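this one's structure only:
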């Protein structure tokens, strides 16, 4: 779809967007024209996919190699008990189809690796990092910086969550914030440490909000800022992040491509 021409059903479905001066028919048409890759269909990916589909993002790519497990259902709200054992990309696509027929889902039943990340990222307008491990986070960051694709990052741990947006133009990237991953085993995953079931919903909705803002060109995205949320006392803190001129990805002497051997648990880029 091109331009602000919406049919009768779309004017009805998206009426609360259309009546907003900041969105309007043109903004809704931009959402319908957009393609967003969501890396991970778990705790964070579930609310991101849900709200992007409801908002009318026309093409959503979902990259995830896992199947639905019973322990997922406490927080991964697009999957059902009947989906246990199914690929997450399949149950997620089925959920989207039932929510909004305007949305096409690209199923990428694969792990994001150094071999496929650039091709995946380069086919979309925005990427959402909803992964749960440092190698994938660094891969998403590096590929997005290299291809000039905006990236919305999120992470959750127990009662705490964080999110930031990486959009180039001299703004810092994820490696400016975390130059290297912590030592293996230093940060427990949610299977070991746990995560409050509602927390990924809070952070995921913020990520989805950032994506919509980027697509319609309204508001101030979280570029150069890390939003930190603590559910125990319902506080948020916005931490400024400065570009690192020595960053190996976005600095003054950046890498030229993705090195397939550089993304072990250490996530270090070779000298």
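Structure received. Computed from a predicted structure; not experimentally measured.

Only the buried residues of the one helix or strand residue 215 maps to, if you could.
Under DSSP states H and E, the secondary-structure element containing residue 215 is helix 199-216. Residues of helix 199-216 classed as buried by neighbour count (16 or more other C-beta atoms under 10 Å): 199-216. In this view, the C-beta of every residue, glycine as well, is placed from N, C-alpha and C.

and what of stretch 154-170?
Across stretch 154-170, burial judged by 16+ other C-beta under 10 Å covers 154-157, 160-167.

what distance separates it from the centre of its chain?
Its chain's C-alpha centre and that of stretch 154-170 lie 9 Å apart, by C-alpha atoms, centre = their mean, to the nearest Å.

Take it and give me the span from its first residue to its final residue.
Counting by C-alpha to C-alpha, to the nearest Å, the length from the leading to the trailing residue of stretch 154-170 is 21 Å.

What mean pLDDT does that stretch get?
Per-region confidence: stretch 154-170 scores 95 on mean pLDDT.

what does stretch 209-229 give?
Averaged across stretch 209-229, pLDDT comes to 97.

And the pLDDT at residue 181?
The predicted local distance difference test score for residue 181 is 74.

For the chain, which segments are assigned as strands?
35-39, 59-63, 104-108, 126-129, 151-157, 160-166, 225-230, 235-240 (DSSP state E).

Surely residue 22 and residue 217 touch.
No. Residue 22 is beyond contact range of residue 217, at 9.4 Å (criterion: C-beta atoms under 8 Å).

Comparing the strands of the chain, which comes out most buried?
Scoring the strands of the chain by mean neighbour count under mean count of other C-beta atoms under 10 Å gives strand 126-129 as the most buried, with a mean of 28.

Strand partners (parallel or antiparallel) of that one?
Taking DSSP bridges as the criterion, strand 126-129 pairs within the sheet with strand 35-39 (parallel), strand 151-157 (parallel).

Let me see the contact set for residue 252.
Listed by C-beta atoms under 8 Å, 6 or more residues apart in numbering, the contact partners of residue 252 are 245-246.

How about residue 253?
Taking C-beta under 8 Å, 6+ apart, one finds nothing in contact with residue 253.

ok, it to residue 244 distance?
Note on residue 253: its distance to residue 244, by C-beta to C-beta, to the nearest Å, is 12 Å.

And residue 12, by the same measure?
Here residue 12 is placed at a distance of 48 Å from residue 244 (C-beta to C-beta).

Then residue 69?
Distance of residue 69 to residue 244, given as C-beta to C-beta: 38 Å.

quick one: which of the two has more around it?
Taking other C-beta atoms under 10 Å, residue 69 and residue 244 do not tie; residue 244 has more neighbours (17 against 14).

how many other residues sit next to the closest residue to the more buried one other than its chain neighbours?
Here the nearest residue to residue 244 in space, its sequence neighbours aside, is residue 176; by C-beta to C-beta, 6 or more residues apart in numbering that works out to 4.2 Å. Burial of residue 176 is recorded as 21 neighbouring residues (other C-beta under 10 Å).

residues contacting residue 209?
Contacts of residue 209 by C-beta under 8 Å, 6+ apart: none found.

Would you mind measuring from it to residue 138?
When distance is defined by C-beta to C-beta, residue 209 is 24 Å away from residue 138.

Surely residue 76 is in contact with residue 44?
No. The pair formed by residue 76 and residue 44 falls short of the contact definition of C-beta under 8 Å, at 9.2 Å.
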